[in-house]
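Participant: let me see the structure of the following:
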Amino acid sequence: MNINHHFPYLPDRLIRLGDLAYNLWFSWHSEAVWLFQYLDPILWEDVYRNPVRLLHEMDSQRLDEVSEDKNYIEKYDNTIKAFDHYLTDENTWFHQNYPDKKFSQIAYFSMEFGVHESLPIYSGGLGILAGDHLKSASDLGIPLVAVGLLYREAYFTQFISQSGHQQALFVHNDFSDMAVVPVQDENGENLIIHLQLDHHSIAARVWQAQVGRIPLFLLDTDFPENPPEDRRITERLYVSDRDLRLLQEILLGIGGVKTLHTLRIEPDVWHMNEGHCVFLTLECLRIKLQSGLPLVDAEEQVKKTSIFTTHTPIAAGNEVFDANRVKNYLGSYWKSMDLSIDKMVQLAQPPSPHDPNAFNMTILALRFSQHTNGVSELHGQVAKRMWHHLWPDRSVDEVPIGAITNGIHARTWMRSQIKNLFDKHLGSQWRYELANPVFWKKVYKIPDKALWDVHQVCKELLLKDVRKRLVQQRERNGESSEATAEVNTILSPDILTIGFARRFAPYKRATLPFRNIQWLKNILKNDSYPVQMIYAGKAHPANQPGKELILEIYRESRNPEFGNRIVFVEDYDIALARRLVSGVDVWMNLPRRPLEASGTSGMKAAVNGILNLSVLDGWWKEGYNGQNGWAVGEDREFYNEVEQDEVDSQSLYRLLEGEIVPLYYTRDENGLPREWIGKMKNSMESNIPRFNTHRMLQEYVEKMYLPAIE
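Facilitator: Prediction:
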């Protein structure tokens, strides 16, 4: 990918900064981030930590000046050397273990990818997981190619009004300022693919982002070859319009396969990250039928090479379209394969009785995939029960849905201060031992004071950032100068700080701590042992119950009776998440069990030594060992929501009052909370090697990818 023409003002001595800017490898290498940040720290924040835009807007005189800076040039040379070695090194985990499979190809499809905030084509956990999946695939040398959509608008920028109402602003993405380049065809023209639907043809441009070694191909319809209604297909992630939403998923699935086929990339394995991608199986089927395979053999081959990861038991996450709407767009597509439209619709429906007008994307994916998994052990069990009716002749245990517990890309989510601490006390080798439980026992060798001091630095950085955001919010809302000045008096680094940040859906129970207001006040406003809480998160603009939860928390945060011990920070994104998961003392997660399929924010906290306070749902059911955090409620399912909310809220208050708060404030003669620090080390030692995407990808390779390749 020749990108030097994008930056004509780069001095020759710094010409490789362009290569770094256009490879998202920089996003998990602190030394690469430093190279950009050093150029202009203020501009770096103003351009939202986007290196492409930074270089476009940099003063050429400053670039010339830096090219003469010996300290900078030394770090630049070392980083470029590491970058080049990374991209060319064949001594990877995959090559070492499966040298005979290095020419295999795995295609990974997802509706969203959260690689870095400068590529805003994600909304939440599903996209963040997809981004981390690509990073670990790159680190491990797994031969993977990814496919998604390139949205003209970022998910949305969240503003909270003075009254506490969420307001959504959709900001246009300027692709020329993002780490994406148009893919070109054999004639040097921008590659465009065409989808022939019942009534018209849709054109899609193909773009490429590079995530380390992994190419990420992104489709976009917003250009003049399409009529206005089709240009809107890739306008926005998760549109409410059902026709546009269906067209997005047709474009992703069918268009994604066409793209790879046009590029002469022939995957051995097709991995669908949720049901949005399932139309890829139809295009794979069409190609096999065109090659002359009988229908039975073609269907069998598609099933054997298809992998489906289901992420949620929540109904809204298992998408259903009106069958007539699907027929309207894909009727001629199916007829071109000599397939019955009604038969294809039946593949997306459960056994009778059922709604004959429902086309369930998850059911179609389950029927077309021989390899299927939930995203934690508990979720795997829940998914078996949930979809048992598709296999009525089998017992629940025999339902062919396995489990591979999610992970996080550790180097992305560790703060640089934590990485430096590990370098000093564990050696740089820790980067290559992320899935080795024996290695991580070495964290107990880190001096208590060293770990605590680093944690306090991360905490100070978080609180400084939150105060800055609160000042901006209050000034924008036209609040008084007194209200704005008040921000500087809140959020003390000496106070036990609890973080809660995620998508605001009712089942995540963000307001559970407010069930007994007086009890909560007594905990937060204890004169000797105070507690403060930081909330953040977005509700989908169409999700009114989620917006009501934000309103309730915001209003309590401004309630004088809480004395500024609760704050709500607007516009939760990757950048704010990195600060939160490394800067709070306790990470709180309160889903209504068993609806949290996995959850990964707590894993991000754990790699930074933050202690989890969570319901035993999703990953925490596996992660909790009694010494690395706390379990809210009981390890069982409840008869009704009222009972569960009561039991869990009582448990939460008692844990805070009886265990967590006293432990945090128990200090030795040097002011160190020794037992608390011991739990921080236990959190790292027990969770880092288990809940990272290196381990997760190794499981996908061994349990799913290799059997599908074979």
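
Participant: what is the least confident helix or strand in the protein?
Facilitator: When each helix and strand of the chain is scored by mean pLDDT, DSSP states H and E, helix 341-346 comes last, with a mean of 87.

Participant: buried residues of that one, list them for me.
Facilitator: Going by neighbour count (16 or more other C-beta atoms under 10 Å), the buried part of helix 341-346 is 341, 344-346. Backbone N, C-alpha and C define where each C-beta goes, glycine included.

Participant: likewise stretch 282-294?
Facilitator: In terms of neighbour count (16+ other C-beta under 10 Å), stretch 282-294 has its buried residues at 282-289, 293.

Participant: same check, this time on stretch 435-455
Facilitator: So stretch 435-455, judged by 16+ other C-beta under 10 Å, has buried residues 435, 439-440, 442-443, 446, 448, 451-452, 454-455.

Participant: returning to that earlier point: adding distance to residue 140, write the buried residues of stretch 282-294 out as CSV.
Facilitator: Shown next, in CSV, are the buried residues of stretch 282-294 (distance: C-beta to C-beta, whole Å):
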residue, distance to residue 140
282, 31
283, 28
284, 25
285, 30
286, 32
287, 29
288, 30
289, 35
293, 33
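
Participant: quick check, nearest of those to residue 102?
Facilitator: Taking C-beta to C-beta as the measure, residue 284 is the one of the buried residues of stretch 282-294 closest to residue 102, at 23.0 Å.

Participant: after the helix or strand where the closest one lies, next one along is what?
Facilitator: If you go by DSSP states H and E, residue 284 is part of helix 279-290. Later in the chain than helix 279-290, the nearest helix or strand by DSSP H and E is helix 295-304.

Participant: packing partners of that next one?
Facilitator: helix 279-290 (3 or more C-beta pairs under 8 Å, 6 or more residues apart in numbering; DSSP states H and E).

Participant: ok so residue 576 is a helix residue?
Facilitator: Yes. Using DSSP: H, G, I helix; E, B strand; the rest coil, the assignment for residue 576 is a helix.

Participant: ok so, going back, would you turn the buried residues of stretch 282-294 into a markdown table with distance to residue 559 and pLDDT?
Facilitator: Listed next are the buried residues of stretch 282-294 as a markdown table, based on distance: C-beta to C-beta, whole Å; pLDDT from 0 to 100:
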| residue | distance to residue 559 | pLDDT |
| --- | --- | --- |
| 282 | 54 | 95 |
| 283 | 55 | 96 |
| 284 | 56 | 97 |
| 285 | 58 | 95 |
| 286 | 59 | 94 |
| 287 | 60 | 95 |
| 288 | 62 | 94 |
| 289 | 64 | 93 |
| 293 | 66 | 94 |
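
Participant: quick one: what helix or strand has residue 52 in it?
Facilitator: Assigned by DSSP H and E, residue 52 belongs to helix 51-57.

Participant: can you give the contact residues for whichever helix or strand comes after that helix?
Facilitator: Using DSSP H and E, the helix or strand that follows helix 51-57 towards the C-terminus is helix 60-66. The contact list for helix 60-66 (C-beta atoms under 8 Å, 6 or more residues apart in numbering) reads 9-11, 14, 38-40, 72.

Participant: which residue in those residues has the weakest pLDDT?
Facilitator: Lowest in pLDDT among those is residue 9, which has 90.

Participant: now the closest residue to that residue other than its chain neighbours: how far from residue 14?
Facilitator: The shortest distance from residue 9 to any non-neighbouring residue, by C-beta to C-beta, 6 or more residues apart in numbering, is to residue 60 (4.4 Å). Computed with C-beta to C-beta, to the nearest Å, the distance linking residue 60 and residue 14 is 11 Å.

Participant: same drill for the two, tell me which one is more crowded.
Facilitator: residue 14 (21 against 11; other C-beta atoms under 10 Å).

Participant: residues in contact with the residue lying closest to that one once chain neighbours are set aside?
Facilitator: Nearest non-adjacent residue to residue 14, counting by C-beta to C-beta, 6+ apart: residue 67, 5.3 Å away. By C-beta under 8 Å, 6+ apart, the residues touching residue 67 are 11, 13-14, 73.

Participant: same question, residue 681
Facilitator: Residue 681 touches 443-444, 446, 451, 609, counting by C-beta under 8 Å, 6+ apart.

Participant: what about the residue nearest to residue 397 when sequence neighbours are not counted, which helix or strand?
Facilitator: Leaving out its chain neighbours, the residue that sits closest to residue 397 by C-beta to C-beta, 6+ apart is residue 384, at 7.1 Å. Element membership for residue 384 (DSSP H and E) is helix 377-386.

Participant: contacts for that helix, please.
Facilitator: Against helix 377-386 from outside (C-beta under 8 Å, 6+ apart): 310, 313, 373-374, 396-397, 399, 401-403, 405, 594, 597-598, 617-618, 621-622.

Participant: also stretch 252-270?
Facilitator: Stretch 252-270 is contacted by residues 104-107, 109, 111, 145, 147-149, 183, 185, 191, 193, 195, 202, 204, 206, 217, 219, 276-284, 287, 305-307, 333, 704-705, 708-709 when judged by C-beta under 8 Å, 6+ apart.

Participant: inside strands: which ones of these?
Facilitator: In this view, the contacts of stretch 252-270 that belong to strands under DSSP state E are 106-107, 109, 145, 147-149, 193, 195, 202, 204, 206, 217, 219, 306-307.

Participant: still on that earlier bit, mind giving me the packing neighbours of the helix holding residue 284?
Facilitator: Looks like helix 279-290 contacts helix 256-262, strand 269-273, helix 295-304, helix 323-335 (3+ C-beta pairs under 8 Å, 6+ apart).

Participant: let's see that with 10 Å instead.
Facilitator: Packing partners of helix 279-290 (3 or more C-beta pairs under 10 Å, 6 or more residues apart in numbering; DSSP states H and E): strand 106-110, helix 242-250, helix 256-262, strand 269-273, helix 295-304, strand 306-309, helix 323-335, helix 361-367.

Participant: what angle do the second one and strand 192-196 make?
Facilitator: On the basis of axes from the mean of the first three to the mean of the last three C-alpha atoms, to 10 degrees, helix 242-250 is oriented at 120 degrees to strand 192-196.

Participant: just to revisit the earlier point, counting by contacts, list what the least confident helix or strand of the chain packs against.
Facilitator: Counting by 3+ C-beta pairs under 10 Å, 6+ apart, helix 341-346 packs on helix 323-335, strand 358-360, helix 361-367.

Participant: before we move on, back to that, could you report the neighbour count for the residue nearest to residue 397?
Facilitator: 21.
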